[in-house]
Each structure stands twice: as C-alpha cells, then as structure tokens.
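Peer 1: Show me the folded form of this:
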Amino acid sequence: MMKKSTKTLIALAGIGAVGAHVSLETIARLSFNDLFIVDERYLQADLFTILPTEDLQQKYLSQIDEQVDWYKDVPKENIKIKSYDGLNLDAALLKANDEHRYIILAHGFNTDRYILLKQAYEFFHRGFNVLLIDQRAYGKSEGKYTTFGFKEHLDLIQWIDYLVKADDEAKIGLYGVSMGAATVMMALGTKLDKHVVFAIEDSGYSDLKELFKVRIEKKFGIISPLAIAYLNRYVKATLGFDLGEVSPYKALENNDIPICIVHAKGDDVVPYSMAKELYHANHGKKVFYPLDTNVHAYACYEDDYFDNLETFYQRYI
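Peer 2: Down below sits the predicted model:
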C-alpha cells in the first residue's frame, strides 16, 4: 500500500502541474490579445508622445508642419483592393512624376500609414511615386487581427500586382519598418515580380517565435518554450497558421532582390543580433546599415539616413 507521504507528494505535483497549465494558458491568452488583436487606441496616439527621446521629439516638431501641408496638397489617388481572404485594403498613391519609379511603404505594429509620413515626403522629393498602404486591420483597411507579416506579405504581393498592371514599365522599391519590414522580407521569399528592383527593411525581426520569447520574458518575467507553445495554439486555432511560418530569416534565404538592412545597435525592441542574422541569411546582393543609436524604428530622423539609402537604391532603380 502506498505511503501517505508519497500520495501527498503526487497530489501536490498534480496541483503544481495544473497551476502551471493555468498560468501558461493565461499568459498565452493575454499575449494573443495584446499582440494579434489590433488596439484601436493607436488612432488617438500622437506620434510626438510616442517618440522615446527629446531629441527625436524636437526633430519631429521642426518638420511635421511642412510634411502635413505637403500631404494635404500633393496629388494623390485613393486606391482599394480586395485581399485574398476578402478584406478591403486601402492605400494612397502619391504621384511625383511619370518616370515609372515607385516605392511601397509598409508601416509597423499598432500604427497606420501616417506614421511613415516623413518617409513618404522624402521619397517623393527624391523622385518616387509613393504607395502609402494601410496594412490589414489598420487605418482604412479592414480586419480585426494583425499577423506580423504572414498574411500581410500576401497583401503586399497584391499591391505590387496592382502597380504592375497600372504601369507595365514600373520599377518598384519596397520599404518597411519593424512589422512592415517583416512584411517586405516575407514577400521577398516568394520570388517576386521582376518589376521589384530593390528592398529596404528597417528594424525588422528575423523570427517571430524568438521575438515573442523576448517580449514574454520582459512582460511576464518567465523564460519558457511552453509559453510560446501555448500561444501558438491560440494562433493556429484563430488565425490558421503556425508561428514558425513567420520567419523573415528563412524568407531571405530565397531572396535574389537587392536589400538594405537597417538596424540600431541598441534597439530595445528587436535585438540587433537579429539584423546580423538577416544579413547573413540573405544570399543575394545586400548592404548592412548599422546605426549607433538605441531607438527602435525611428532611424528616419538620422541626418544621413535618406542619403545613405539613396546611395544603395540608385544602383538598381
């Protein structure tokens, strides 16, 4: 007959296992809601309040009025397309000239097209027609869930197809920041149309599972592959894909379009090590542009940012 003390230990172990399951289930549910369900409070956020340093805030204030006035007056065409899964997607096409040079701008997490107003302004004045898109579930595009580049990269391919059908002489560049960078890189892994001639990814991650491990550790103070496994169950059940499928690293292994990889060495959201992984994964033409800052996704305020990008893309446009 089993000793009472042994029975007690087994019972306690069972209670511990149940407790761990409940904790992991709670973390997974909270993480899913926080990460994948779009929080529309971003619409009320002022970029000034989001910028993490006083220097960035001052640069923003010194430029924003001119950029807003320009956007109000610039010739633009509102464009809508239907996603492969039935969502209405929205973008603005800003026409700089008739020289067939286009760039598609993809914004990041919990923002919309207007977060890239500075980039739109700069690329426009450097001779690009700018397609400023709202990624699914953001801005004027439909949807409830963001998927960190997985479904968005299929949307991006449709935006590329739209431009090519509208202009069979189009030379197209792709530009994405943070989650938008993942959208761009995931698309690069699909063997894109020959009209796409270069890509720029700024502050992108190499692997979504690894990024979420970092985020969960920061938020909940645990390091557990099980937490990711529980989260992955929510993702597969609700969104129909596996987190392991969101791997810009793997996508770049199949890329043959020239790419510029931009990343801050002290990035506190997406580790700098991920940028180096992406650079080494890409087998085609590539340029690595490291920044001596610790700010995620706001490299566009560096004084030589757009000049350095122009040095890169002029070889291919």
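Peer 1: I'd like to know which elements the helix or strand where D69 lies is packed against.
Peer 2: Of the helices and strands defined by DSSP states H and E, D69 is found in helix 54-73. Helix 54-73 sits against helix 47-50, helix 117-125, with contacts defined as 3 or more CB pairs under 8 Å, 6 or more residues apart in numbering; DSSP states H and E. In this view, the C-beta of every residue, glycine as well, is placed from N, C-alpha and C.
Peer 1: looking at those helices, which is buried most?
Peer 2: Mean neighbour count (mean count of other CB atoms under 10 Å) peaks for helix 117-125 among these, with a mean of 20.
Peer 1: partners of the helix or strand following that helix, with directions?
Peer 2: Once helix 117-125 ends, the next helix or strand along the chain (criterion: DSSP H and E) is strand 129-133. Here strand 129-133 is paired, per DSSP bridges, with strand 88-94 (antiparallel), strand 101-106 (parallel).
Peer 1: now the last one, how far from the chain's geometric center?
Peer 2: With CA atoms, centre = their mean, to the nearest Å as the basis, strand 101-106 stands 15 Å off its chain's centre.
Peer 1: same thing with the longest one?
Peer 2: Relative to the mean C-alpha coordinate of its chain, strand 88-94 is positioned 17 Å out (CA atoms, centre = their mean).
Peer 1: Pull the residues that contact that strand.
Peer 2: Applying CB atoms under 8 Å, 6 or more residues apart in numbering, the external contacts of strand 88-94 come out as 71, 74-83, 113, 120, 124, 129-134, 136, 139-142, 155, 158-159.
Peer 1: mind running it again at 7 Å?
Peer 2: Applying CB atoms under 7 Å, 6 or more residues apart in numbering, the contact partners of strand 88-94 are 74, 76-83, 113, 120, 124, 129-134, 136, 139-142, 155, 159.
Peer 1: And these, which of them are buried?
Peer 2: Buried subset of the contacts of strand 88-94 (neighbour count, 16 or more other CB atoms under 10 Å): 76, 79, 81, 83, 113, 120, 124, 129-134, 136, 139, 141-142, 155, 159.
Peer 1: so Y279 sits in a strand?
Peer 2: No - residue assignment for Y279, taken from DSSP: H, G, I helix; E, B strand; the rest coil, gives helix, which places it outside any strand.
Peer 1: and it, what is it in contact with?
Peer 2: If you count contacts by CB under 7 Å, 6+ apart, Y279 has them with I261, K286, F288.
Peer 1: How about F150?
Peer 2: Counted by CB under 7 Å, 6+ apart, F150 has contacts M186, F241, E245, V246.
Peer 1: Please flag which of these sit within strands.
Peer 2: The subset of the contacts of F150 located in strands under the criterion DSSP state E is empty.
Peer 1: farthest pair in those?
Peer 2: Of all pairs drawn from the contacts of F150, the one with the largest separation by CB to CB is M186 and F241; the distance is 11.5 Å.
Peer 1: Show me where the stretch 151-300 of the chain has its strands.
Peer 2: If DSSP state E, counting those that start in this stretch is used as the criterion, the strands of the stretch 151-300 of the chain fall at 171-177, 196-202, 259-264, 286-291.
Peer 1: how about the ones you listed in CSV, adding mean pLDDT?
Peer 2: Rendered in CSV, the data for the strands of the stretch 151-300 of the chain read as follows (pLDDT from 0 to 100):
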stretch, mean pLDDT
strand 171-177, 98
strand 196-202, 98
strand 259-264, 98
strand 286-291, 97
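Peer 1: Minimum distance to E302: which of those has it?
Peer 2: Distance to E302, taken as CB to CB, is lowest for strand 286-291 among the strands of the stretch 151-300 of the chain, at 6.4 Å.
Peer 1: Okay, angle between that closest one and strand 196-202 too, please.
Peer 2: Counting by axes from the mean of the first three to the mean of the last three CA atoms, to 10 degrees, strand 286-291 lies at 30 degrees to strand 196-202.
Peer 1: what's the distance between the residue lying closest to V68 once chain neighbours are set aside and K95?
Peer 2: Closest residue to V68 in three dimensions, ignoring its sequence neighbours and counting by CB to CB, 6 or more residues apart in numbering: L117, at 7.3 Å. To K95, L117 is 17 Å away according to CB to CB, to the nearest Å.
Peer 1: What of G173?
Peer 2: The separation that G173 has from K95, given CB to CB, amounts to 16 Å.
Peer 1: now swap in V270 and tell me
Peer 2: Going from V270 to K95 by CB to CB gives 33 Å.
Peer 1: pLDDT at the nearest residue to L231 once chain neighbours are set aside, what is it?
Peer 2: Nearest non-adjacent residue to L231, counting by CB to CB, 6+ apart: A28, 4.4 Å away. We have a pLDDT of 92 for A28.
Peer 1: center of this protein, which residue is that?
Peer 2: Closest residue to the average C-alpha location of the chain: M179 at 1.1 Å, with CA atoms, centre = their mean.
Peer 1: close enough to count as contact, that residue and G108?
Peer 2: Yes - shown here, M179 and G108 form a contact pair, counting by CB atoms under 7 Å, at 4.4 Å.
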